[in-house]
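Prediction below, plus the sequence it came from.
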Amino acid sequence: MNQNSPSGRRANSLGVHSIDHFAVEVPNLEAARKFYTLFGLDVRERDDTLELYAVGNPHRWAVLSQGGDAKRLRYLSFGIYPDEADAFAAHLDGCGITRIDPPEGAEADGIWFAGFDGLPINVRVADKATPSEKSHFTFVSAAPGQSGAIPNSKAPKVHPRRLSHFAIFATDVNAAIDFYEKTLGLRLSDKSEPAVAFLHGPHGSDHHLLALVLSDRRGMHHNSWDVGSVMEVGLGGATMARAGYGPNWGVGQHVLGANYFYYVRDPWGSFSEYSADIDFIPHDVDWPAANHAPEDSMFLWGPDPFPEFIQNTEPAEA
């Protein structure tokens, strides 16, 4: 089925279908290149920036630029269907959004407006980059009488297949839910008041396309990347830990979304996550969103997160 065809879209629902890409300013591009290359992504130079691709996937997921002394989330860009461009423009104007100029160096395509907490948001016509069905998950078990041993010298390199979701800090999670439901057409999957919420796209999406985490200012908490097995989650995490990145969190399994995870701390205090087997919400399913107890907001099993896991390391906007 064509992911852009009406048959793969939620009827009578104006909404974004994907995170097209995110943009982050970092203090050191060479450190970013080293981190994301070891993480398993295809890191490419373009002018004075680095762009992140998944190996074998033509979609550009991120733009990294050189900045000041601290990492800073510059903007989020979301994709919409071509036949909804005019309707989306009218919809956003009807929502009373504040249109803004593109951030310096960003492409001018689509509509730019001030999101919750002033985060620049871009909505543009783009191919659907999120899946329209649940991603393939594998578990390989050796047959009786056969060895499943993999020598470290022959351990496979982990290469994420795509961006799964993106998590941002918000000063009021419930208000941010309302804002992104109203403007972008995202739908609530689950939340745990007042600390965290998970939103999915209406046209077929992982359990969360966008996650919201409570903080006193905006910023990026983590970017999450889909892999195909628990072994890839653990092997990717072990590779990063052995290279000196950390403190990290994992391997474990979340309650909400139910994905297996390993979070790797980047050089600037935020995280990149290896994620496998996350719940999927088809375009024609009304997900039973609920407000969950705090003990169900984080993980079902795995090590306890370290105290700084929810720390926002980005400076307040001037």
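Thanks, I have it. Numbers count the residues shown, from 1 in each chain.

Excluding chain neighbours, give the residue nearest to H222 in space.
Of all residues not flanking H222 in the chain, F271 sits nearest, at 3.8 Å (C-beta to C-beta, 6 or more residues apart in numbering). For every residue, glycine as well, the C-beta is placed using N, CA and C.

With adjacent residues omitted, what lies nearest to F198?
Per C-beta to C-beta, 6+ apart, closest to F198 is H208, 3.7 Å.

Tell me how many other residues surround E133.
For E133, the tally of surrounding residues (other C-beta atoms under 10 Å) stands at 11.

circling back to that earlier point, look at the residue nearest to F198 and give its secondary structure.
Recorded secondary structure, H208: coil (DSSP: H, G, I helix; E, B strand; the rest coil).

Please apply the same query to F35.
Following three-state DSSP, F35 is assigned to helix.

what are the pairing partners of whatever helix or strand H21 lives in, and which direction each?
Element membership for H21 (DSSP states H and E) is strand 18-26. Strand 18-26 pairs in its sheet with strand 60-66 (parallel), strand 72-80 (antiparallel), by DSSP bridges.

Give me the residues contacting the first one.
This means strand 60-66. Contact with strand 60-66 is made by 21-29, 32, 36, 41, 48-54, 74, 105-106, 129, 162-163, 223, as judged by C-beta atoms under 8 Å, 6 or more residues apart in numbering.

Can you select the buried ones from the residues you listed in PyMOL?
To isolate the buried members of these in PyMOL, using 16 or more other C-beta atoms under 10 Å:
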select buried, resi 21+22+23+24+25+26+29+32+36+41+49+50+51+52+53+54+74+106+129+162+163+223
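
that older thread, and the residue nearest to F198, how far from F166?
Per C-beta to C-beta, to the nearest Å, H208 is found 9 Å from F166.

And those two? Which one has more around it.
H208 (29 against 21).

For the nearest residue to T98 once chain neighbours are set aside, which residues are in contact?
Distance criterion C-beta to C-beta, 6+ apart; nearest residue to T98, sequence neighbours excluded, is A114 at 4.5 Å. Contact analysis of A114 by C-beta under 8 Å, 6+ apart lists 97-98, 100, 120-121.
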